[in-house]
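In: Here's my sequence, what's the structure:
(2 chains)
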Amino acid sequence: MTQPPSAPAAAPHGPAAAPARPVVPGQVSRAAAVGAAPPPPARGAWATGREVLREAATTEPGRLRILGAVLALLVLALGTVAGLEAADRAGSAEAVVGSSQPLSADAAAIYRSLADADSTAAAGFLAGTLEPAESRARYDRDLATASRLLVKAAANTDGSDESAREITALGELLPRYAGLMERARAANRQGLPLGGAYLRYANQEMTTRLLPAAERLYAAETARLHRDDDDARTWPHLALGVGVLALGVLVWAQRREYRRTHRVFSRGLLAATAATVVVLLWLAGAHAVARAALGSAQTEGQQSLQLLNEARISSLKARANENLTQVARGAVLTEDGKDDKYEAEYAKGMAALTDALARATRLAEDEAGRTPLTEATARAGEWRERHAAARKLGEAGDYQAALDRIIGPKGTDGAKESAGWSFDQVDAALERALAHEQEQFTRSARGAVDALTGLPLGAAALGALGALGAVLGINRRLSEYR
Amino acid sequence: MTPDDEPVARRAARRARGWGGVAAMGVACALTASLTLLPLTRGGDAAAPTGPFGPGPGAGTALQAKADTCENPEASLRPSTEDGPSVTAIKQRGKLIVGVDQSSYRWGFRDPETGTLEGFDIALARAIAKDLLGSEDAVVFRAVPTNQRIAALDGGTVDLVVRTMTINCKRIKQVAFSTAYFRAGQQVLAPKTSPITGHDASLKGRRICTAEGSTAHEALVERSFGAIIEDEGEGTPADRNLLTVPNQLDCLARLQMGEVDAIVTDNALAAGQAAQDPAVELKGEPFTEEYYGVAARLGNDDLVRRVNKVLEDYRKGRWQEAYGVWLEAGLGKAEPPEPLYK
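Out: You can find the predicted model right below:
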């Protein structure tokens, strides 16, 4: 990000810069033309380049010229490097807020939609041969959401990375899953137990292939988010180093001048020093603020989001398995043949939910974040109790009563007494918690982007100004030798 | 690539993996023995086309040989209506608790419309309740998974199990069986247009689906005719449950999806499957013979005698009635098996 004014400013007035460049006629005329305006033009700087170099090491004007050139270059380099590094960090911060975090959230939404579709379909199945309209609509919505977000995610990958692989897998598996589910519905509508077999087949595809792929996609997108986050939080070491070096040389130059001439202030050098200090402070300050903002976005937002997504998906899995206990009715057992497979999976899901909720509650930093979690925890407890009651009824052979406890009896207020209702409350509370944490994340991360705003341009402009000051300051001293 | 043109080596590898599953079932040593003894014990099969490993592993043979060391396992106690401690306990409770299946079409299944249990087994359980307690509704049904049937009786959670339960020598040491109420056998089920003709050489290279740990699976392990009967990566997370599935009905879903070529299950359950898919049919004859009995806890002799009394009457008329409603369409005409007494 070379600043347009810097080249003309440095070239004509920093004669020592000349040796570094080949003498090109075009450049001479252009430099002269631009440089002609504000400061008094130095005598044939370009033309005397070689001579200057020879003189440089031995004579004071030569040393001064070299010093001037070094100072100008250093300050200019500071402006450029600081500008570039700040632009890079700002870009990464913007990517965190604008693309990688939303993509990670989308991947979580894909995961959630799929899990929700599966548990909704199983619940709809339990209602009998006629699937309730709202259950059907929710299933359709879930599948539509998953498909839409998959297309969006696909558009944001370069086609070779891990995300692309998982998106492809999901794209291939989703139609198959939907096909199995429609077969299940068709058979169930005819009152055939075969429908249950298809439903369990669809569930097997979902839990052993689709959900793991969605989970890996979420992990990949989240890893990308962390990469962008780390990039944005990396200190601009090079710029800071150059800045400190420039400052050191500037101080040394002024001390040297003071020793030789007993002049305390050189306005030019002072201006260069001020510009350098401002760039350094701005750079360090803005980064410190941005890092802090991203840090709190990470700890307060992203970590909570991750836990809440985990909790929500665990609860969805538990619910799907709870419904399947009623569909399979003890026909499918765990590997060791001791327990009902779906009952065991339900218990696993509930344990994961409880754990994720506890950790999310510990992370919640304000009342607004804690309230929905307290609610979710309470509802999860209620759900567990209702499930246990339903299971007891089922084991006693009262299938209808057990079913009513799980999906709620048809068309009565008794629905609020069901495990399904408790699950819905858990889900709703988790959704509120997710919205809250998402907002917190976006706000914090947005703060990081704001902190870095203007720094790239500002650093470059200050660098140019500082370089100009350094050149002017040295030139003034140099003119005393003529 | 159809299973037919699959390289022999790969098929052999698959079967070898299948054997791994067998070994895992804890019969590895029996396998070695039966392999060497195979030509002697199964001399009659020498002409049958076999895979590179010979006829299916002899594990099943060994298992059955160990279990089939009794004569007439179907022989039960003489019928009687005398009340003993177990019958008295049921009468005091006022309800008969019966372990049943909920997902075997035509045998024990829940009508999705009404939510009530229906089927051939259910009808028999109701008949027993009527005789014992005077009402067909004085019965509580409990869904019992296949491998929990014996545990449910031992634990006292159910009085009886009426759940397509095969009487065999191994089981009569664990539970008390009534006389047989149904004769069944393992049979092959395939699409009507399939070239598969039964449990024979036509199975070679075909993908056959069975329920995990079922008699059907054991029978196929014993004699596979070169059929593919184990999933790749059986028992690992890569196992996709295509060829060995948790429940026999899952096989019909795989068959309809074109993922397997045929199903082996007992004909009673196969008839239930055929009833749900008009495009499939039972192929060939049943290649085993087995009898279903009502199971009670070992030692509850009074209850067994009472059930046998009910069965005496049941066979005379209501058996045919229930058979007509639930099974005749799939299995054709049949007579109840004659009771056998000790």
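
In: Now do A:Glu221, the pLDDT please.
Out: Note for A:Glu221: predicted pLDDT of 90.

In: residue closest to the middle of chain B?
Out: Centroid-nearest residue in chain B: B:Asp266, 5.2 Å away (criterion: CA atoms, centre = their mean).

In: show me what contacts the closest residue to that residue other than its chain neighbours?
Out: Nearest residue to B:Asp266, sequence neighbours excluded (CB to CB, 6 or more residues apart in numbering or on different chains): B:Ala184, at 4.6 Å. C-beta coordinates here come from the backbone N, C-alpha and C atoms, glycine included. Applying CB atoms under 8 Å, 6 or more residues apart in numbering or on different chains to B:Ala184 gives the contacts B:Thr164, B:Thr166, B:Asp266, B:Asn267, B:Ala268, B:Pro286, B:Glu289, B:Glu290, B:Tyr291, B:Tyr292.

In: Show me these that map onto helices.
Out: B:Asn267, B:Ala268 (DSSP state H).

In: In the stretch 51-200 of chain B, where is pLDDT below threshold?
Out: By pLDDT under 70, the weakly predicted segments of the stretch 51-200 of chain B are B:51-69, B:112, B:147.

In: Where do the helices of it begin and end?
Out: Taking DSSP state H, counting those that start in this stretch to define them, one finds helices in the stretch 51-200 of chain B at B:59-67, B:85-93, B:120-133, B:149-154.

In: Give me the neighbour count for A:Leu363.
Out: Residues lying near A:Leu363 (other CB atoms under 10 Å in any protein chain shown) number 19.

In: Over to A:Glu417?
Out: The burial count assigned to A:Glu417 is 17, neighbours taken as other CB under 10 Å.

In: Could you measure from it over to A:Ile407?
Out: Distance, A:Glu417 to A:Ile407, using CB to CB, to the nearest Å: 11 Å.

In: Please apply the same query to B:Gly119.
Out: 24 Å.

In: cool, and A:Asp366?
Out: 36 Å.

In: Have a look at those two and say which one is more surrounded.
Out: A direct count of neighbours by other CB under 10 Å for A:Asp366 and A:Ile407 places A:Ile407 higher, at 25 against 10.

In: For the residue nearest to B:Pro237 when sequence neighbours are not counted, what are phi and psi?
Out: The shortest distance from B:Pro237 to any non-neighbouring residue, by CB to CB, 6+ apart, is to A:Thr208 (7.5 Å). Per-residue torsions, A:Thr208: phi -100, psi -20 (degrees, to the nearest 10).

In: How about B:Tyr105?
Out: Main-chain dihedrals, B:Tyr105, degrees, to the nearest 10: phi -60, psi 130.

In: nearest residue to it other than its sequence neighbours?
Out: Nearest one to B:Tyr105, counting by CB to CB, 6+ apart, is B:Gly272 at 3.5 Å.

In: Below-threshold pLDDT in chain A: ranges please.
Out: A:1-57, A:158-160, A:330-331, A:335-338, A:397, A:410-414, A:482.

In: distance of B:Thr244 from B:Phe287?
Out: Going from B:Thr244 to B:Phe287 by CB to CB gives 19 Å.

In: okay, those two: which has more neighbours?
Out: More neighbours surround B:Thr244 than the other of B:Thr244 and B:Phe287, with 24 against 16 (other CB under 10 Å).

In: OK, contacts around that one?
Out: Residues near B:Thr244 by CB under 8 Å, 6+ apart: B:Gly21, B:Cys209, B:Thr210, B:Ala211, B:Glu212, B:His217, B:Ile229, B:Glu230, B:Asp231, B:Glu234.

In: ok, now A:Leu149?
Out: Contacts for A:Leu149 (CB under 8 Å, 6+ apart) come out as A:Asp106, A:Ala107, A:Ala109, A:Ile110, A:Ser113.

In: Tabulate those in a markdown table, adding columns for neighbour count and distance to A:Leu64.
Out: Converted to a markdown table, the contacts of A:Leu149 look like this (neighbours: other CB atoms under 10 Å in any protein chain shown; distance: CB to CB, whole Å):
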| residue | neighbour count | distance to A:Leu64 |
| --- | --- | --- |
| A:Asp106 | 20 | 61 |
| A:Ala107 | 28 | 61 |
| A:Ala109 | 22 | 65 |
| A:Ile110 | 29 | 66 |
| A:Ser113 | 22 | 71 |
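
In: Nice, that's everything, thank you.
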